[in-house]
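In: Need coordinates for the below:
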Amino acid sequence: MSSAGRVLSPFVIIALIVGGVAGLGVEYALTQPTIQRLNVTVDSLQANVTASRATIDQLRSENSKLEVRLNSTEIALSIVRQNLSAKELELSKTQQRLELIQTAISKLDNDRILLGDLRKDTPSTREDARIFWQGVRSRAVGVDATLGVDVEDILSKLDNWFDWLPRINNATTFEEFGRLYNQAVIAGAFDYFDAITKFQQDALLVVITHLNQAIDLVS
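Out: Residues are numbered from 1 along each chain as shown. Prediction:
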């Protein structure tokens, strides 16, 4: 082969160059739309990312506001609960006080009935006196149990007095009356009246105590 055959001619080289350039041009023409679409897609994604970040920042801000509002609500709820507990305690105390007042009023009703008994004259006959004091005993126990004991003492001494009463009433002279009176004292006939006096004093003390308790509750 001659040297001319081994060396490319300028025309061939130019043709190759032109062909290469043309190929690049065709390739560029084919890939340019794809690149443009990718660029648009990238721009869109970047815009979406920016919008998403703005949304996230807004949500974080709203979340912070909600947390502050929630804390305020919890504090307010705690105060309401404390106030409610205080009101319930106050209501419970008021209810207890009302119950005590009702009990005191009930006691005063029984006291009023007993005071009516104290204002009555003691019957002058044995059986009437016994019936009277038995009735007083049943009412006195409703006021205070110790008053029932006092009335029992009256009933136990009732016969002592009424056993001597006819003798004293039948006395015809002052000397005889004095003698029988002294005997009655020695025999304990007048203990009946002493027991009545003790009961009256104790009953009045109980009534006064109940009255003072009622006044303290309503004052």
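In: okay, now the domains of the protein?
Out: Split into domains by automatic domain parsing, the chain comes to 3-78, 99-218.
In: and the end-to-end length of the longest one?
Out: The separation between the terminal residues of domain 99-218, taken as Cα to Cα, to the nearest Å, is 12 Å.
In: Now do the strand or helix carrying A47: which elements does it pack against?
Out: In this structure, A47 sits in helix 10-119 according to DSSP states H and E. If you count contacts as 3 or more Cβ pairs under 8 Å, 6 or more residues apart in numbering; DSSP states H and E, helix 10-119 packs onto helix 126-143, helix 191-218. All C-beta spots, glycine's among them, are computed from the backbone N, C-alpha and C.
In: could I get the ones you listed as TSV with distance to N83 and mean pLDDT?
Out: TSV is the format used below for the helices and strands packed on helix 10-119 (distance: least, Cβ to Cβ, whole Å; pLDDT from 0 to 100):
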stretch	distance to N83	mean pLDDT
helix 126-143	43	95
helix 191-218	27	92
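In: Output those helices as JSON lines; include the columns mean neighbour count and distance to K93.
Out: Shown next, in JSON lines, are the helices and strands packed on helix 10-119 (neighbours: other Cβ atoms under 10 Å; distance: least, Cβ to Cβ, whole Å):
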{"stretch": "helix 126-143", "mean neighbour count": "16", "distance to K93": "28"}
{"stretch": "helix 191-218", "mean neighbour count": "15", "distance to K93": "12"}
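In: out of those, which comes closest to P33?
Out: Closest to P33 of the helices and strands packed on helix 10-119 is helix 191-218 (Cβ to Cβ; 99.2 Å).
In: Now do that closest one: which elements does it pack against?
Out: helix 10-119, helix 126-143, helix 145-169.
In: how about TSV for the helices and strands packed on helix 10-119, with distance to N110 added?
Out: Listed next are those as TSV, based on distance: least, Cβ to Cβ, whole Å:
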stretch	distance to N110
helix 126-143	5
helix 191-218	9
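In: Give me the residue ranges of this structure where confidence is low.
Out: Flagging of the chain using pLDDT under 70 yields the residue ranges 1-30, 91, 104, 106.
In: thinking again about what came up before, select, out of the helices and strands packed on helix 10-119, the one closest to A54.
Out: helix 191-218 (69.8 Å).
In: In the helix or strand where G178 lies, which residues are buried?
Out: Here G178 sits within helix 174-187, counting by DSSP H and E. For helix 174-187, the neighbour count (16 or more other Cβ atoms under 10 Å) marks L180, Y181, A184 as buried.
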